[in-house]
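Q: got a predicted structure here, sequence first:
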Amino acid sequence: GQQVMQIPQYQHVQEGEDFTTYCNSSTTLSNIQWYKQRPGGHPVFLIQLVKSGEVKKQKRLTFQFGEAKKNSSLHITATQTTDVGTYFCAGVDGSGNTGKLIFGQGTTLQVKP
Amino acid sequence: GAVVSQHPSWVICKSGTSVKIECRSLDFQATTMFWYRQFPKQSLMLMATSNEGSKATYEQGVEKDKFLINHASLTLSTLTVTSAHPEDSSFYICSATPAEGLYGSYEQYFGPGTRLTVT
């Protein structure tokens, strides 16, 4: 079945350093979404990428969708302690129309002040 | 906007009993709701897709007779864990997709989750 792989699983950075998490799908995606889950909380929708090669920015966060629509990345510039949490990518299968998301394993970010 | 509530937020039950979890979209109509299970420090595992007025679609390996899903209205879906056992202890999260997606399609809004402990 369709799989979405995400690396790294964990990342510890010093506050002010940059952070990147990568997502790869075994199949072409209709779109890809990114979510953030704070410790003890629930996933919160961050953004959706739809177009091949799309790049979107939200303040210090930059999201990219690959040309083949099979990979994506989230880059955080100059991390802050408020960035702590687990970042999940989730792909919507390109062949279906169910809206079903396949989540990556998540990358847990720890930021040392 | 796009708020999803879940009740209860945590529940402890005895082995063999059933537990019902409610998921409500508070300020939008949800054509589709999803139920996930999340183990500590792991990703979300989709259990089933629930569409209003029709039977839920279960993912492979999820027992439909054990995890009963009812989606009676565009704002309410329920998950009943029947004859619960300690291995059913987990964090159950629902999500809802608006009928009119704010971003065009399929973004999901998650409830706060229900932590189930079966003793």
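A: Sure, I can see it. Numbers count the residues shown, from 1 in each chain, chains lettered A, B, ... in the order given.
Q: for the lowest-mean-pLDDT helix or strand in chain A, name the packing helices and strands.
A: Across the helices and strands of chain A, mean confidence by mean pLDDT, DSSP states H and E is lowest for strand A:101-103: a mean of 88. With contacts defined as 3 or more C-beta pairs under 8 Å, 6 or more residues apart in numbering or on different chains; DSSP states H and E, the packing partners of strand A:101-103 are strand A:85-93, strand B:44-51. From N, CA and C alone the C-beta is placed, and that goes for glycine too.
Q: which residues sit against the first one?
A: Under the criterion C-beta atoms under 8 Å, 6 or more residues apart in numbering or on different chains, residues A:2, A:4, A:6, A:21, A:23, A:25, A:27, A:29-39, A:41, A:43, A:72, A:74, A:99-104, A:106-109, B:43-44, B:105-106 lie in contact with strand A:85-93.
Q: give me that answer again for 6 Å
A: Applying C-beta atoms under 6 Å, 6 or more residues apart in numbering or on different chains, the contact partners of strand A:85-93 are A:2, A:4, A:6, A:21, A:23, A:25, A:29-38, A:72, A:74, A:101-104, A:106-108, B:106.
Q: and these, which are buried?
A: A:4, A:6, A:21, A:23, A:25, A:29-37, A:72, A:74, A:101-104, A:106-108, B:106 (16 or more other C-beta atoms under 10 Å in any protein chain shown).
Q: can you map out the strands along chain A?
A: A:4-7, A:10-14, A:19-25, A:29-37, A:44-49, A:55-58, A:61-65, A:71-76, A:85-93, A:101-103, A:107-112 (DSSP state E).
Q: nearest to B:Ser9, of those?
A: For B:Ser9, the closest of the strands of chain A is strand A:29-37, at 15.8 Å, according to C-beta to C-beta.
Q: strand partners of that closest one, parallel vs antiparallel please.
A: The strands beside strand A:29-37 in its sheet (DSSP bridges) come out as strand A:44-49 (antiparallel), strand A:85-93 (antiparallel).
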